[in-house]
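*Asks:* Sequence isn't available, so here's the structure alone:
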Ligand code: CA
């Protein structure tokens, strides 16, 4: 795949390009990440690897990425113009406020949502946003989501995957699902570094980040939610995941076969019968975006197995700011109407833009 930045990409004539997993970072939260890296107070090697790199490494990549991710103004808009992106859906980057104690996390989530909403107010035709919530405090997270949707106009929640090593399959977190379903907004589950129990073999080999560790962590997280029966309890809940579903669409036959086999054999207490197959939940309760994975064969495969209406465009700015991938997606071998759905109308429908 080309890595050079091509000349400025023009806006498309017949569709808007809406990028649906575009990261930003609040300065106050970044300062607190740095402090946690310096003190190693979390004892979370993947977190320290990630924010030690973007926060302190002098490489061109980390320095420019940090500059871009903190900017909700002119610099970001210029990058969007250069790459032909009409609208960014803003998601506060990982690990959000999930590494802080609940009162701190709730305060920072509200402050960051006010900031995101302010950026949207200033540039309503260029930005929309998801709300940061603190899933470690489900009642407060539900209230903040309601405030963010009803008062601030944000379009759903972003949860940056594991919560200090725990996943949303645990029913103690399901107040967040209940709130999202009641508000009829989606929850975007964005990867985080593998939790300490998973991290060692990844970090030793330099594979804990976006190259693969994020996908393993987040794909596992989504699968635990499906097999927990959460979608039987909240059948209208819609979850969005990036990176072409973190690998799960490629596993569909084996997920269905082995889930059914192991439920039948009663091998695990945790694997209970579900109302639908694993792949039916993927097709009916999950949307996937193409963040970081704008590669024609994989995108076409996911569209064929999940349905064209389940696959949405995303860039993963600024971590994978590759305008050449816009050129690749413009060339998808699909009809004009399908391309408009992929880039624009699927996102408008899912996020009520
Ligand atoms: Ca991302």
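*Replies:* The structure has been received and is ready for your questions. Because the structure is predicted, anything quoted here is derived from the model rather than measured.
*Asks:* Give the helix, strand or coil label for residue 90.
*Replies:* Look at residue 90: counting by DSSP: H, G, I helix; E, B strand; the rest coil, its state is strand.
*Asks:* residues contacting it?
*Replies:* 22-24, 72, 116, 119-120, 127-130 (Cβ atoms under 8 Å, 6 or more residues apart in numbering). For the C-beta atoms, the positions are set from N, CA and C on the backbone; glycine is no exception.
*Asks:* What residues are recorded as beta-bridge partners of it?
*Replies:* Beta bridges link residue 90 to residue 22, residue 129 when assigned by DSSP bridges.
*Asks:* How much space separates it from residue 221?
*Replies:* 22 Å (Cβ to Cβ, to the nearest Å).
*Asks:* one step back: show me just the buried residues among the contacts of residue 90.
*Replies:* 22-24, 72, 116, 119-120, 127-130 (16 or more other Cβ atoms under 10 Å).
*Asks:* Please give the number of neighbouring residues around residue 271.
*Replies:* Summarising burial for residue 271: neighbours were counted as other Cβ atoms under 10 Å, giving 18.
*Asks:* swap that for residue 9, please
*Replies:* Neighbours of residue 9 (other Cβ under 10 Å): 18.
*Asks:* If I look at it, what pLDDT would I see?
*Replies:* At residue 9, the pLDDT value in this model is 91.
*Asks:* three-state assignment of it?
*Replies:* coil.
*Asks:* do the same with the one 3 residues further on
*Replies:* Reduced to three states with three-state DSSP, the structure at residue 12 is coil.
*Asks:* Number of residues surrounding it?
*Replies:* 16.
*Asks:* One more: residue 204?
*Replies:* 10.
*Asks:* pLDDT at it, what is it?
*Replies:* 97.
*Asks:* phi, psi of it?
*Replies:* Backbone torsions for residue 204, taken as degrees, to the nearest 10, come to phi -60, psi -30.
*Asks:* ditto for residue 195
*Replies:* phi -60, psi 160.
*Asks:* Check the contact between it and residue 162; I expect there is one.
*Replies:* Yes. Applying Cβ atoms under 8 Å as the test, residue 195 and residue 162 come out as touching, 4.9 Å apart.
*Asks:* who's more crowded, these two?
*Replies:* Neighbour totals were compared for residue 195 and residue 162, and residue 162 leads with 29 against 20 (other Cβ under 10 Å).
*Asks:* how close does the more buried one sit to residue 92?
*Replies:* 16 Å.
*Asks:* Same check on residue 168?
*Replies:* The spacing between residue 168 and residue 92, counted by Cβ to Cβ, is 17 Å.
*Asks:* do residue 151 as well
*Replies:* 18 Å.
*Asks:* Neighbour count: those two, which is higher?
*Replies:* Taking neighbours as other Cβ under 10 Å, residue 151 and residue 92 compare with residue 92 leading, 27 against 11.
*Asks:* and the closest residue to the more buried one other than its chain neighbours, how many residues sit next to it?
*Replies:* Closest residue to residue 92 in three dimensions, ignoring its sequence neighbours and counting by Cβ to Cβ, 6 or more residues apart in numbering: residue 132, at 4.4 Å. Here the number of neighbours of residue 132 (other Cβ under 10 Å) works out to 31.
*Asks:* show me the contacts for residue 132.
*Replies:* 92, 96-97, 108-109, 112-113, 116, 157-158.
*Asks:* Please apply the same query to residue 348.
*Replies:* For residue 348, the contacting residues are residue 18, by Cβ under 8 Å, 6+ apart.
*Asks:* Sticking with it, tell me its helix or strand.
*Replies:* helix 346-351 (DSSP states H and E).
*Asks:* cool, and residue 77?
*Replies:* Going by DSSP H and E, residue 77 is in helix 74-82.
*Asks:* Can you check which residues contact both of residue 195 and residue 162?
*Replies:* What both residue 195 and residue 162 touch, as defined by Cβ under 8 Å, 6+ apart, is the set residue 217.
*Asks:* How about the contacts made by residue 71?
*Replies:* Residue 71 neighbours (Cβ under 8 Å, 6+ apart): residue 24.
*Asks:* quick one: it and residue 203, what's the gap?
*Replies:* Residue 71 is 29 Å from residue 203, by Cβ to Cβ.
*Asks:* Over to residue 228?
*Replies:* Residue 228 is 28 Å from residue 203, by Cβ to Cβ.
*Asks:* Enumerate every residue touching the residue nearest the centre of the chain.
*Replies:* For the chain, the residue nearest the mean C-alpha position is residue 190 (3.0 Å; Cα atoms, centre = their mean). By Cβ under 8 Å, 6+ apart, the contact set of residue 190 is 21, 91, 93-94, 158-161, 218, 241-242.
*Asks:* try 6 Å this time
*Replies:* Counting by Cβ atoms under 6 Å, 6 or more residues apart in numbering, residue 190 touches 94, 158, 160.
*Asks:* list the contacts for the residue lying closest to the first one once chain neighbours are set aside?
*Replies:* Nearest in space to residue 94, with sequence neighbours left out and distances taken as Cβ to Cβ, 6+ apart, is residue 160 at 3.9 Å. By Cβ under 6 Å, 6+ apart, the contact list for residue 160 reads 94-96, 98, 190, 192.
*Asks:* Find the pair from those with maximum spatial separation.
*Replies:* Greatest spatial distance among the contacts of residue 160 (Cβ to Cβ): 98 and 190, at 10.7 Å.
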